[in-house]
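Undergrad: Generate a structure from the sequence data that follows.
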Amino acid sequence: MPQQGLIRTPRAPIALMACESGRKFGEEVAKKLDKELIPSKETWFACGEGKIEIKANVRGHDLYVFQTVVGPQDTRSVYDRFVMLLHAIEAAALSDAQYITAVIPYYPGARQDKKKGRTREGISAGLFARMFQSAGADRVMTVEIHNDAIAGMFNPCFTNLENIFLTKHLVSWLETQNLVGEVVVSPDVGYLERARAYAEGLSADLAALSKERDYSKPNQIYHSTLIGDVSGKNILLIDDIIDTAGSVVASIDELKQRGGRDIIVVCIHPVFSKPAWERLTEVKHKADLEGWKFQVVGTSAVSHENTPSWYHCYKIEEVVSLVVEKINSRGSVTEI
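TA: Modelled structure (predicted):
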């Protein structure tokens, strides 16, 4: 007899809500799911404290709480936005939601995932994991976290980390937009395996830059060394995070010195703290003067308005909505 397809039923009625900083992102995902965000009220007091109230019954529901902790959508800090997310998670737990998933595309503190030598510093990635657990989150959904090992900082008896990989979807989109190169370059050896997946998907060559950092200063690099050949080739330089763009500009300079032609920079999390836009704009002006093409690709993991024509944004909301559906129906996320 032919095998019957497995009919999956929702593990609980689904509900979606958002903190104010993550409302735009949450609304876009809700549209993909043909749903609306449940009402909530976020309050900030004059002293800087805050709270959030859930204005609908979530008892027994499979609740997804959306928040974006980086981006220019408001003046709140990463820590303000993160703590408000914790308030929302706790409010949901006290309201007897059956499952609580925090949907946070950019995981805060992911670059502080280990101690650098014998320094006296904390490990922020683990601290945030424990805070998620203490607030009552059953699952934290994020996008291409900086270090996969951060999943091990969660106690799976309480909270699981769901890391969404965009490779297959982003490769397909890059091809349809003709945003491809003859060689994919990893900005450092730590990102090499993910860059390899993009190179294989695009049938391109692979190269990598080996960086030497000055960890006593943020966003500082001593110098980089190229492993591979980019001479005479169009380049796809791919990274997970661009913050101030100092590293990526240094990488572009190195690749041009090695004979690279047109360069497309792709990043999953375009944080673009000051002076990132200024630095990237300077690269664009230089490219125009020298006669080569420069473009930047980001994703809606971090949203930016009024961007220049050379900036392209891949919308991740469709993929996130598919993951939400799979979790709610107890399906396989790896199929996405």
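Undergrad: alpha carbons only for contacts and neighbour counts from here, please
TA: Noted.
Undergrad: Now do stretch 149-166, average pLDDT.
TA: Averaged over stretch 149-166, pLDDT sits at 96.
Undergrad: actually stretch 106-117, not the one I typed
TA: Rounded mean pLDDT across stretch 106-117 is 90.
Undergrad: hang on, isn't Phe128 packed against Gln112?
TA: No - contact criterion C-alpha atoms under 8 Å: Phe128 and Gln112 do not qualify, at 10.6 Å.
Undergrad: Domain map for the protein?
TA: 14-166+317-335, 167-314 (automatic domain parsing).
Undergrad: Straight-line length of the longest one, end to end?
TA: Looking at domain 14-166+317-335, the gap from its leading to its trailing residue is 21 Å under the measure C-alpha to C-alpha, to the nearest Å.
Undergrad: Centre of the chain to that domain, how far?
TA: 12 Å (C-alpha atoms, centre = their mean, to the nearest Å).
Undergrad: where does this protein dip in pLDDT?
TA: 1-7, 212-223 (pLDDT under 70).
Undergrad: and Thr68, how many neighbours does it have?
TA: Neighbour count of Thr68, defined by other C-alpha atoms under 10 Å: 28.
Undergrad: Start at 44, not 1
TA: With the count now opening at 44, the last piece we talked about shows up as Thr111.
Undergrad: Now it: closest residue in space that isn't a chain neighbour?
TA: Gly65 (4.7 Å; C-alpha to C-alpha, 6 or more residues apart in numbering).
Undergrad: Verify the stated contact: the one you found with Gly114.
TA: No - counting by C-alpha under 8 Å, Gly65 does not reach Gly114; the two are 9.8 Å apart.
Undergrad: partners of the strand or helix carrying Val183, with directions?
TA: Following DSSP states H and E, one finds Val183 within strand 182-186. Sheet pairing here is set by DSSP bridges, and for strand 182-186 it gives strand 142-146 (parallel), strand 203-207 (parallel).
Undergrad: Just the C-alpha atoms of the first one, please, in CSV.
TA: As requested, the backbone C-alpha atoms of strand 142-146 are provided in CSV (Å, rounded to 0.1, in the frame of the first residue of the first chain):
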residue,chain,number,x,y,z
TYR,A,142,4.5,27.5,24.7
ILE,A,143,6.6,30.7,24.5
THR,A,144,9.0,31.3,21.7
ALA,A,145,11.1,34.5,21.5
VAL,A,146,11.7,35.4,17.9
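Undergrad: what helices or strands is the helix or strand that comes right after that strand leaning on?
TA: Next along the chain after strand 142-146, taking DSSP H and E as the criterion, comes helix 167-178. Applying 3 or more C-alpha pairs under 8 Å, 6 or more residues apart in numbering; DSSP states H and E, we find helix 167-178 packed against helix 121-137.
Undergrad: Next, the angle helix 167-178 makes with the helix it packs on.
TA: Here helix 121-137 runs at an angle of 30 degrees relative to helix 167-178 (axes from the mean of the first three to the mean of the last three C-alpha atoms, to 10 degrees).
Undergrad: got the CA coordinates for helix 121-137 in PDB?
TA: As requested, the backbone C-alpha atoms of helix 121-137 are provided in PDB (Å, rounded to 0.1, in the frame of the first residue of the first chain):
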ATOM      1  CA  VAL A 121      20.000  46.900  22.700                       C
ATOM      2  CA  TYR A 122      19.600  46.400  26.400                       C
ATOM      3  CA  ASP A 123      16.400  48.400  26.600                       C
ATOM      4  CA  ARG A 124      14.900  46.300  23.800                       C
ATOM      5  CA  PHE A 125      16.200  43.000  25.300                       C
ATOM      6  CA  VAL A 126      14.800  43.700  28.700                       C
ATOM      7  CA  MET A 127      11.400  44.600  27.300                       C
ATOM      8  CA  LEU A 128      11.400  41.200  25.500                       C
ATOM      9  CA  LEU A 129      12.100  39.600  28.900                       C
ATOM     10  CA  HIS A 130       9.100  41.500  30.300                       C
ATOM     11  CA  ALA A 131       6.900  40.100  27.500                       C
ATOM     12  CA  ILE A 132       8.100  36.600  28.000                       C
ATOM     13  CA  GLU A 133       7.400  36.700  31.700                       C
ATOM     14  CA  ALA A 134       4.000  38.300  31.100                       C
ATOM     15  CA  ALA A 135       3.200  35.400  28.800                       C
ATOM     16  CA  ALA A 136       4.400  32.800  31.300                       C
ATOM     17  CA  LEU A 137       2.300  34.400  34.100                       C
END
